[in-house]
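>>> Okay, structure incoming, though there's no sequence with it:
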């Protein structure tokens, strides 16, 4: 016998408050221009600071 009513009940998404510009990160990391912005197609990268909890 298989269980009844099985599935996803809810989903949640969170966007961090802090962002870094990927072009600036390319310069800081010393990688070729466009590695993150063109290669990954990202203009910004969000990150959590020490006041934000990653695990809910």
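Sure thing, it's come through. Since we're looking at a predicted model, the values are computed, not measured.
>>> got the buried residues for stretch 47-56?
For stretch 47-56, burial by neighbour count (16 or more other C-beta atoms under 10 Å) applies to no residue. Any C-beta I mention is one placed from the backbone N, CA and C, and that applies to glycine too.
>>> Equivalent analysis for stretch 24-37, please.
25, 26, 36, 37.
>>> and which of the residues you listed is nearest to residue 3?
Relative to residue 3, the closest of these is residue 36; by C-beta to C-beta it sits at 44.5 Å.
>>> what's the spacing between that closest one and residue 19?
To residue 19, residue 36 is 13 Å away according to C-beta to C-beta, to the nearest Å.
>>> Overlap in contacts, those two.
Residues touching both residue 36 and residue 19 (C-beta atoms under 8 Å, 6 or more residues apart in numbering) are residue 45.
>>> So which of the buried residues of stretch 24-37 is the closest to residue 13?
Nearest to residue 13, judged by C-beta to C-beta, of the buried residues of stretch 24-37 is residue 36 at 22.4 Å.
>>> what packs against the least confident helix or strand in the chain by mean pLDDT?
The weakest-scoring helix or strand in the chain, judged by mean pLDDT, DSSP states H and E, is strand 44-47 (a mean of 91). Judged by 3 or more C-beta pairs under 8 Å, 6 or more residues apart in numbering; DSSP states H and E, strand 44-47 is in contact with strand 18-21, helix 22-29.
>>> Report the secondary structure state of residue 5.
What DSSP: H, G, I helix; E, B strand; the rest coil gives for residue 5 is coil.
>>> For it, give me the pLDDT.
With respect to pLDDT, residue 5 scores 81.
>>> The one 3 residues further on too?
pLDDT, the model's per-residue confidence, is 87 for residue 8.
>>> now do residue 38
In this prediction, residue 38 has a pLDDT value of 94.
>>> do the same with residue 32
At residue 32, the model reports a pLDDT of 94.
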